[in-house]
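>>> how would this look folded up:
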Amino acid sequence: MHSYLRAIGFSNVRSRSDLDKIIGTIMNEPTNKTTTKVNDKVILTEITKNFSERMGITIRGEYDEFGFFHLEHYFPHFCGQMVTAKEDVVVNKKVDTDSYTGMCDDIRLGVSLIFYLQNVIDYIEKKKVKDFPSIIVPVTLSGLSIEGKILLPLDKTEKQIRNNKADTKYRNNLIAEAKKGNQDAIDSLTIDDIDLYALISKRAKHEDIYSIVDTSFVPYGAESDNYSILGTILDSKLINNEFTKESIYDLLIECNDLILNICINKEDLLGEPSVGRRFKGNIWMQGFIDFSEV
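Numbering: from 1, shown residues only. The predicted model follows:
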């Protein structure tokens, strides 16, 4: 079973027969269906059913020349509400499954961001018309979590908030210059990192680490699209899975200046989310690429 099914409200799926019932419902009552012709005998198809607004399961497979559908892959999905970034994106096919990941370098993170691509058919259709190693496109990110907790916010003054925003803008400019090969910018970033490490090491002796670190975004585990995040909650609402009636939290999170939606089963979240508090947890990052601008 897909481990992130419980994130969208399917925590009681424990056997293949349980999953087959859900897949049957998706096939019989799809919300959306997209296809692309691979060759004269094979039609690649994505069938999606939403079990709440922006949340559901997508199955991907092939129709053969006789009209029989062969399931290749399925995954729970959760769609974001707003464009997170507009960056140079590279799309790659996974080796072991019929799925794709996107990768972009976001200055706000300082590292490559890898996400699971939700709209594969759109990508394949675009590749038929135009071959591109990388493209600058809008990306809407979202995350699924099966483990999280709520932390209290840091007590900041208006002056501290303004200073933090100015420091972040200055650092982003340095990172942009460093990517161009500016040696002065590289040296400045190195010195800043050394000073920051020394300051945190000194404060960590007497303070809790989460009273020092406001937000964080760190790769997690063996999968390239899994992350451990700490972010500020901008909005929170409780939604229900129409099929299982389980309650799901839809959280709008700001993490390292990235804004994305995260869904997590109410039973898997420790604490009560509210605006201003922080979410800490592990997420599976997904992304929707708008290929219409290519």
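>>> For the protein, which strand extends over the most residues?
Ranked by residue count and defined by DSSP state E, the top strand of the chain is strand 135-151.
>>> For that one, name the packing helices and strands.
strand 69-78, strand 85-93, strand 111-117, strand 226-240, strand 258-265, strand 269-270, strand 278-289 (3 or more C-beta pairs under 8 Å, 6 or more residues apart in numbering; DSSP states H and E). Glycine gets a C-beta too; all of them are placed from N, C-alpha and C.
>>> Partner strands of it and their direction?
Counting by DSSP bridges, the strands paired with strand 135-151 are strand 85-93 (antiparallel), strand 258-265 (parallel), strand 269-270 (parallel), strand 278-289 (antiparallel).
>>> May I see the ones you listed arranged in JSON lines, with mean neighbour count as well?
Shown next, in JSON lines, are the strands paired with strand 135-151 (neighbours: other C-beta atoms under 10 Å):
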{"stretch": "strand 85-93", "mean neighbour count": "17"}
{"stretch": "strand 258-265", "mean neighbour count": "23"}
{"stretch": "strand 269-270", "mean neighbour count": "16"}
{"stretch": "strand 278-289", "mean neighbour count": "24"}
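>>> Ile47 is nearest to which of those?
For Ile47, the closest of these is strand 278-289, at 16.8 Å, according to C-beta to C-beta.
>>> Can I get the closest one as CSV, trimmed to CA atoms?
The C-alpha trace of strand 278-289 is given here as CSV (Å, rounded to 0.1, in the frame of the first residue of the first chain):
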residue,chain,number,x,y,z
ARG,A,278,4.5,26.5,13.4
PHE,A,279,4.2,23.1,11.7
LYS,A,280,7.1,20.6,12.1
GLY,A,281,6.9,17.4,10.1
ASN,A,282,8.1,15.2,7.3
ILE,A,283,6.5,15.7,3.9
TRP,A,284,6.3,14.1,0.4
MET,A,285,6.7,17.0,-2.0
GLN,A,286,4.5,17.1,-5.1
GLY,A,287,4.4,19.7,-7.8
PHE,A,288,2.1,20.8,-10.7
ILE,A,289,3.9,22.5,-13.6
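>>> quick one: the residue nearest to Arg54 when sequence neighbours are not counted and Pro133, what's the gap?
If the residues on either side of it in the chain are set aside, Arg54 comes closest to Cys79, at 4.1 Å by C-beta to C-beta, 6 or more residues apart in numbering. With the distance defined as C-beta to C-beta, to the nearest Å, Cys79 ends up 27 Å from Pro133.
>>> Tell me which of these two has more neighbours.
Between Cys79 and Pro133, counted using other C-beta atoms under 10 Å, Cys79 has the larger neighbour count: 19 against 7.
>>> Now do the contacts for the more buried one.
54-55, 118, 140, 142, 261, 288 (C-beta atoms under 8 Å, 6 or more residues apart in numbering).
>>> Backbone torsions only: list them for it.
Backbone torsions for Cys79, taken as degrees, to the nearest 10, come to phi -100, psi 140.
>>> Let me know the pLDDT of it.
In this model, Cys79 is scored at 93, pLDDT.
>>> So the residue of the chain positioned farthest from its centre, which state does it fall into?
Distance from the C-alpha centroid of the chain, by C-alpha atoms, centre = their mean, peaks at Phe66 (37.1 Å). Here Phe66 is recorded as coil under DSSP: H, G, I helix; E, B strand; the rest coil.
>>> Quick one: neighbours of Tyr227, just the number.
Neighbours of Tyr227 (other C-beta under 10 Å): 24.
>>> Specify the beta-bridge partners of it.
Beta-bridge partners for Tyr227, by DSSP bridges, are Pro219, Ile283.
>>> Next, the contact list for it, please.
With C-beta under 8 Å, 6+ apart, Tyr227 has these contacts: 143, 217-220, 282-283, 285.
>>> if we can go back for a sec, select, from the contacts of Cys79, the two members most distant in space.
It's Met55 and Thr140 that sit farthest apart of the contacts of Cys79, by C-beta to C-beta, at 14.1 Å.
>>> Give me the more crowded residue out of those two.
Set side by side, Met55 and Thr140 show more neighbours around Met55, with 23 against 20, by other C-beta under 10 Å.
>>> Show me what the lowest-mean-pLDDT helix or strand in the chain packs onto, helices and strands only.
Sorted by mean pLDDT, DSSP states H and E, the helices and strands of the chain end with helix 158-179, the least confident at a mean of 74. With contacts defined as 3+ C-beta pairs under 8 Å, 6+ apart, helix 158-179 has these neighbours: helix 183-203.
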